[in-house]
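Enquirer: any chance you can model this:
(one chain, ligands or ions: 1)
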Amino acid sequence: MPGFPREPMSEKVELARRVVLSLADEGRIELWGGQSPEGPLERLSETQAERLKIDEAPWHDPETTTLKVKIVSPAVYENPSGVAFGCDYCADYQNRNFGHVTQIGWNERRRMILIRCPRCGAMYENTPEEEDLTRRLDETEARNLYPDTFRTR
Ligand SMILES: [Zn+2]
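Expert: You can find the predicted model right below:
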């Protein structure tokens with residue numbers, strides 16, 4: 001675009017906005033957000049995504065808006081292959097990795113957490129953050145690796 005560096009900031013922001021929204025419409029990027037930059041991220045709800053199309057603040061005044069948005073590549077939330085998930089709920093990457101399943105154990109030495117699906121009861125071991133290394137555990141494995149969780153008081 002000729003003269004691009006001298007275009008008014010508002011036009012640059014508008015251009016970026018159109019690009020981001022059209023990439024999101026095509027499913028080539030995902031827009032995730034949260035109430036603060038450090039808080040948990042979730043895929044934007046329908047309402048939030050609509051707001052992004054009409055509300056100026058998230059685009060022009062990111063310091064003050066309550067809607068913080070992060071552009072995420074769809075590839076980052078693919079499930080590890082070969083995991084036999086218990087149900088559709090726990091098979092959902094977002095449910096598993098963003099606090100929608102119950103953490104019932106923590107193994108200091110392995111630096112792994114034990115999680116249980118609130119819908120079907122399937123248990124998995126995973127990293128607390130970082131890369132998703134979800135592995136389904138049967139009851140015996142879970143008891144062996146996370147004895148504290150199953151200790152009766
Ligand atoms: Zn489940």
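Enquirer: find the nearest non-adjacent residue to Pro128, please.
Expert: Ile113 (5.1 Å; CB to CB, 6 or more residues apart in numbering). For glycine as for every other residue, the C-beta is placed from the backbone atoms N, C-alpha and C.
Enquirer: give me the helices and strands touching the strand or helix carrying the one you found, please.
Expert: Secondary structure from DSSP states H and E places Ile113 in strand 112-116. If you count contacts as 3 or more CB pairs under 8 Å, 6 or more residues apart in numbering; DSSP states H and E, strand 112-116 packs onto strand 102-107, strand 123-126, helix 139-145.
Enquirer: show me the helices in this protein, by range?
Expert: 9-25, 46-54, 57-60, 88-91, 93-97, 139-145, 147-150 (DSSP state H).
Enquirer: span of stretch 112-126 from start to end?
Expert: According to CA to CA, to the nearest Å, stretch 112-126 extends 6 Å from its N-terminal end residue to its C-terminal end residue.
Enquirer: same deal with stretch 99-115?
Expert: Across stretch 99-115, the terminal residues are separated by 10 Å (CA to CA).
Enquirer: just give me how far it sits from the chain centre.
Expert: Between the centre of stretch 99-115 and the centre of its chain there are 17 Å (CA atoms, centre = their mean, to the nearest Å).
Enquirer: got it, and stretch 6-26?
Expert: 24 Å.
Enquirer: ditto for stretch 118-125
Expert: Averaged C-alpha coordinates place stretch 118-125 at 18 Å from its chain's average position (CA atoms, centre = their mean).
Enquirer: stretch 137-153 now?
Expert: On the basis of CA atoms, centre = their mean, stretch 137-153 sits 27 Å off its chain's mean C-alpha point.
Enquirer: just give the nearest non-adjacent residue to Val72, would you?
Expert: Residue nearest to Val72 in three dimensions, not counting chain neighbours: Glu30, with 4.5 Å by CB to CB, 6+ apart.
Enquirer: for the one you found, list the residues it contacts.
Expert: 24, 43, 71-74, 77 (CB atoms under 8 Å, 6 or more residues apart in numbering).
Enquirer: residues of the chain that sit close to the ion?
Expert: Counting by CB under 5 Å from the ion, the residues of the chain lying close to the ion are 86-87, 89-90, 117, 119-120, 122.
Enquirer: Leu15: which of these is nearest?
Expert: Tyr89 (39.3 Å; CB to CB).
Enquirer: check what pLDDT the closest one gets.
Expert: According to the predicted model, the pLDDT of Tyr89 comes to 94.
Enquirer: with that, I have no additional questions.
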